[in-house]
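J.: could you look at this predicted model? Sequence included:
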Amino acid sequence: MIARSIGIAAAVGLALLLAGCSARLPGQPNEAERWRAPAEISDFNQLYTQNCAGCHGAGGKLGAARSLNDPLYLAFVTDDAMRQAIAKGRAGTNMPAFSEPAGGHLTDQQIELIVTGMRSHWSKPDDFKDVELPRYSVDETATPSGPSTAINGEISAKTSQTGDASRGGGTYKTYCASCHGTNGDGGSAGSIVDPNFLSLVSDQGLRTTVVVGRADMRKPDWRGNVPGHPMSAQEIDDVVAWLAAHRQRTTMTASKVDHPAYLKMK
């Protein structure tokens, strides 16, 4: 009986000793390894890896979608634009909505952590302090849109409030045709008017690529298409309108083909 009491006391004492030393039993996760509910995650690297890396690449580069660790892109895009893109996604593209109100699982605080984390890890603001960057969104300089414009004999409404699609055709030939072909449908860099591509990118996405380029694909930014002749703000607006008009024309053609009256004629 005495031996048993001594054994119990020893076991209790050992347990207390282990607890006091914060000893970890074999297989017991440490604080960093323990499971956390998605809303509790507050580490940028974990948030980015779980929610962004699948499309934008590990470390923000070399993914299927745009690299996010591009300092020029981060200098160009606004914080609010990044928040909105993460929270609400991009309609008509593969970018989903991640905020809880939009059906995702990220809190407002987590979205803010991703935005501030990308800037703290990958931006280089001093590199662009003397560079006059084009505005991120055409809506920031919006003016009333003009009348419809004829392109290659077809009528297309202006797709940008400040851009002129017919004028953009000439701008395209000056700055883009050397890589994408005379009409945008070929060249060393491939077609830029392919309907499959245009169906997956927003007008803002087109604008961002025109301005920022794609360093990971050797696509120059707005300053490097023609050395010594950066694109003006108007030229950027015009070429985006020209590109977006091709999407509209493709959509209108598809609608015409699916129209009952057209099907009856076939």
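T.: Great, that's in hand. Residues are numbered from 1 along each chain as shown.

J.: below-threshold pLDDT in the stretch 1-150 of the chain: ranges please.
T.: Applying pLDDT under 70 to the stretch 1-150 of the chain flags residues 1-25, 27, 31-34, 140-150.

J.: any figure for the gap between residue 139 and residue 169?
T.: When distance is defined by CB to CB, to the nearest Å, residue 139 is 23 Å away from residue 169. C-betas here are computed from N, CA, C, even on glycine.

J.: between those two, which is the more surrounded one?
T.: A count of neighbours by other CB atoms under 10 Å puts residue 169 above the other of residue 139 and residue 169, at 19 against 12.

J.: isn't that one up against residue 245?
T.: No - applying CB atoms under 8 Å, one finds residue 169 not in contact with residue 245, separated by 9.1 Å.

J.: the spatially most central residue of the chain: what's it in contact with?
T.: Residue closest to the average C-alpha location in the chain (CA atoms, centre = their mean): residue 66, at 5.9 Å. With contact set as CB atoms under 8 Å, 6 or more residues apart in numbering, residue 66 has these partners: 56, 73, 208, 209, 214.

J.: got it, and residue 185?
T.: By CB under 8 Å, 6+ apart, the residues touching residue 185 are 191, 192, 193, 194.

J.: if you set the cut-off to 10 Å instead, what comes out?
T.: Residue 185 sits next to 191, 192, 193, 194, 246 when contact means CB atoms under 10 Å, 6 or more residues apart in numbering.

J.: what do you get for residue 54?
T.: Contacts for residue 54 (CB under 10 Å, 6+ apart) come out as 63, 64, 65.

J.: and if you look at residue 197?
T.: If you count contacts by CB under 10 Å, 6+ apart, then residue 197 has 190, 191, 206, 243, 246, 247 around it.

J.: which of these has the most neighbours?
T.: That'd be residue 243 among the contacts of residue 197, by other CB under 10 Å, with 27 neighbours.

J.: in the contacts of residue 66, find the pair that's most separated.
T.: Pairwise distances across the contacts of residue 66 (CB to CB) peak at 14.6 Å, for the pair 56 and 209.

J.: what sits closest to residue 177 if chain neighbours are left out?
T.: Sequence neighbours aside, residue 187 is the residue nearest to residue 177 in space, at 7.2 Å (criterion: CB to CB, 6 or more residues apart in numbering).

J.: for residue 38, which non-adjacent residue is spatially closest?
T.: Closest residue in space to residue 38, ignoring its immediate chain neighbours: residue 105 at 4.9 Å, by CB to CB, 6+ apart.

J.: in a helix, that's where residue 235 is, yeah?
T.: Yes - using DSSP: H, G, I helix; E, B strand; the rest coil, the assignment for residue 235 is a helix.

J.: that one reaches residue 174, doesn't it?
T.: Yes - counting by CB atoms under 10 Å, residue 174 is a contact partner of residue 235 at 8.0 Å.

J.: show me the shaky parts of the stretch 151-266 of the chain.
T.: 151-161, 250-266.

J.: which stretches in it count as helices?
T.: Secondary structure of the stretch 151-266 of the chain, counting by DSSP state H, counting those that start in this stretch: helices at 165-175, 177-180, 195-198, 203-212, 233-258, 260-265.

J.: which strands or helices does the first one pack on?
T.: Same thing as helix 165-175. Judged by 3 or more CB pairs under 10 Å, 6 or more residues apart in numbering; DSSP states H and E, helix 165-175 is in contact with strand 149-151, helix 203-212, helix 233-258.

J.: list the buried residues for stretch 225-241?
T.: Residues 225, 230, 231, 235, 236, 237, 238, 239, 240, 241 are the ones in stretch 225-241 that count as buried (16 or more other CB atoms under 10 Å).

J.: the nearest residue to residue 125 once chain neighbours are set aside and residue 129: what is the separation?
T.: Nearest-residue entry for residue 125: residue 75, 6.4 Å, with adjacent residues in sequence omitted and distances by CB to CB, 6+ apart. Distance of residue 75 to residue 129, given as CB to CB: 9 Å.
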